[in-house]
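Participant: sequence first, predicted model second:
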Amino acid sequence: MMIPSNKKFGSTLAAPRERSTLRSRRAVALREGGFTLVELLIAAAITVVIVVMLGLMLGSLMSSASHASQRVDAFRDARAALQMMERDLSNLVCAQWNIQTSPVPTPVPVPVTRPAAYFALDKRWQDTANDPYSDPANGNPNRQMFGLIATKSSAPGDMCAVGFYCRWDTQLHAYTLRRFFLDATTTFNVFTSPAVTAANYASDSDLYAPSVNDEVLAAYVWNLNITMRDAAGNVINTYPYICDPNTVTPTSLPAAIEISFNAMSPQAARTVTSVSSAPADWMDTTTQNYQRLVKPHAYEFRTRINLQ
């Protein structure tokens with residue numbers, strides 16, 4: 001006797017096996033490297049964070065490199081200015097004309113040089129309207145130095161007048177280190193001018209007349225100090241100090257001078273100028289802006305020049 005198959009019962013038994021097979025296939029797929037949506041979102045978020053951090057680090061490194069490069073450029077100008085001062089002052093000459101008197105040559109030569117203020121620490125540049133520290137009555141915190149130097153130039157002479165001083169720049173709202181310079185021809189014309197010829201003496205006001213066109217050696221330089229010392233090493237405190245052979249007791253040249261000034265990078269200076277446009281914030285060490293913005297970024301440059 002054959003028993004008929006129960007098709008309904010058979011189909012009911014097959015469904016669980018199929019579902020188990022599908023679940024097994026999904027589990028195998030996950031084990032073989034599949035990710036859920038939550039895992040993908042977490043991975044994407046971590047990747048974004050890493051990329052942002054790398055970008056910030058790269059930006060910071062590039063900014064630091066740029067600032068360092070500009071600091072090097074600024075301080076290179078300051079060092080070059082010191083080297084120029086050393087070079088010029090090492091060629092300092094005393095402009096004393098001594099004509100031959102026995103016998104007197106024929107024809108009598110016209111003097112090319114005369115007694116002159118061949119070295120001067122004096123406030124020749126003044127702009128009290130914009131810079132109160134250029135006023136000689138204000139303590140002279142920024143010194144000014146001038147002199148006559150020998151040069152290898154063509155006729156009519158071999159002397160030039162030079163000078164170094166700090167000047168307030170109304171455009172930058174900061175101090176700049178300037179170099180005053182008269183070439184040999186212009187210096188010769190000063191010595192042969194009617195006023196100098198009549199007095200037989202070239203004073204510091206005749207020779208050294210700084211102007212707005214003087215060369216900028218370095219920007220953001222201030223507090224130019226010049227300390228003079230005698231042969232014993234003692235400080236000479238006289239100011240102004242004019243060396244010339246025209247007086248009964250000539251003022252002798254210092255044995256040595258010590259030069260120093262402060263300098264700042266352009267980036268730091270822009271921060272200062274964005275807040276202040278007053279010379280006092282650069283020169284007055286008691287102001288809040290000086291303590292907060294200037295002092296942390298100021299670097300001092302110093303040199304010593306032996307004149308005797």
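Facilitator: Noted; the coordinates are in hand. Source: prediction; values computed, not measured. Residues are numbered from 1 along each chain as shown.

Participant: tell me how far residue 238 lies from residue 206.
Facilitator: 21 Å (C-beta to C-beta, to the nearest Å). All C-beta spots, glycine's among them, are computed from the backbone N, C-alpha and C.

Participant: settle it for me: which of those two has more neighbours?
Facilitator: Neighbours were counted for residue 238 and for residue 206 using other C-beta atoms under 10 Å; residue 206 has more, 17 against 10.

Participant: per-residue pLDDT of the closest residue to residue 177 other than its chain neighbours, please?
Facilitator: Distances taken as C-beta to C-beta, 6 or more residues apart in numbering place residue 221 nearest to residue 177, at 4.0 Å, with adjacent residues excluded. Looking at residue 221, its pLDDT is 94.

Participant: I'd say residue 221 and residue 78 touch.
Facilitator: Yes. Residue 221 lies in contact with residue 78 (C-beta atoms under 8 Å); the separation is 6.3 Å.

Participant: and for those two, which residues touch both?
Facilitator: 177, 261, 263 (C-beta atoms under 8 Å, 6 or more residues apart in numbering).

Participant: now do the contacts for the first one.
Facilitator: Spelled out, it's residue 177. If a contact means C-beta under 8 Å, 6+ apart, then residue 177 has 78, 81, 164, 165, 166, 216, 217, 218, 219, 221, 224, 261 as its contacts.

Participant: for the fourth one, what are phi and psi?
Facilitator: I take that to be residue 165. phi -160, psi 160 (degrees, to the nearest 10).

Participant: for it, which non-adjacent residue is closest in space?
Facilitator: Nearest non-adjacent residue to residue 165 (C-beta to C-beta, 6+ apart): residue 144, at 3.8 Å.

Participant: give me the neighbour count for the one you found.
Facilitator: Residue 144: 26 neighbours (other C-beta under 10 Å).

Participant: give me the three-state assignment for residue 46.
Facilitator: For residue 46, the assignment made with DSSP: H, G, I helix; E, B strand; the rest coil gives helix.

Participant: what does the model give it for pLDDT?
Facilitator: 90.

Participant: same check, this time on residue 79
Facilitator: 89.

Participant: again, but for residue 262
Facilitator: 94.

Participant: go ahead and confirm it touches residue 223.
Facilitator: Yes. Contact criterion C-beta under 8 Å: residue 262 and residue 223 qualify, at 4.6 Å.

Participant: more neighbours, these two?
Facilitator: residue 262 (22 against 19).

Participant: quick one: secondary structure of that one?
Facilitator: strand.

Participant: who are the contact partners of it?
Facilitator: Contacts of residue 262 (C-beta under 8 Å, 6+ apart): 221, 222, 223, 298, 299, 300, 301.

Participant: mind redoing it with 10 Å?
Facilitator: Residue 262 makes contact with 78, 166, 175, 220-225, 282-283, 294-295, 297-301 under the criterion C-beta atoms under 10 Å, 6 or more residues apart in numbering.

Participant: which residues does it bridge with?
Facilitator: According to DSSP bridges, the residues that bridge with residue 262 are residue 222, residue 300.

Participant: please apply the same query to residue 167.
Facilitator: Counting by DSSP bridges, the residues bridging with residue 167 are residue 176.

Participant: what number of residues lie near residue 93?
Facilitator: 17.

Participant: what residues are up against it?
Facilitator: 113, 116, 118, 119, 147, 148, 149, 150, 151, 158, 159, 160.

Participant: element containing the nearest residue to residue 151 once chain neighbours are set aside, please.
Facilitator: Nearest non-adjacent residue to residue 151, counting by C-beta to C-beta, 6+ apart: residue 160, 5.0 Å away. Element membership for residue 160 (DSSP states H and E) is strand 159-169.

Participant: pull the CA atoms of that strand into PDB?
Facilitator: Taking Å, rounded to 0.1, in the frame of the first residue of the first chain, the C-alpha atoms of strand 159-169 are listed here in PDB:
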ATOM      1  CA  MET A 159      86.900 112.400  -0.400                       C
ATOM      2  CA  CYS A 160      83.200 111.700   0.200                       C
ATOM      3  CA  ALA A 161      80.900 112.700   3.000                       C
ATOM      4  CA  VAL A 162      78.800 110.000   4.600                       C
ATOM      5  CA  GLY A 163      76.400 109.600   7.500                       C
ATOM      6  CA  PHE A 164      74.100 107.100   9.300                       C
ATOM      7  CA  TYR A 165      71.000 107.900  11.100                       C
ATOM      8  CA  CYS A 166      67.500 106.600  11.900                       C
ATOM      9  CA  ARG A 167      64.500 108.400  10.500                       C
ATOM     10  CA  TRP A 168      60.700 108.000  11.200                       C
ATOM     11  CA  ASP A 169      59.000 106.900   8.000                       C
END
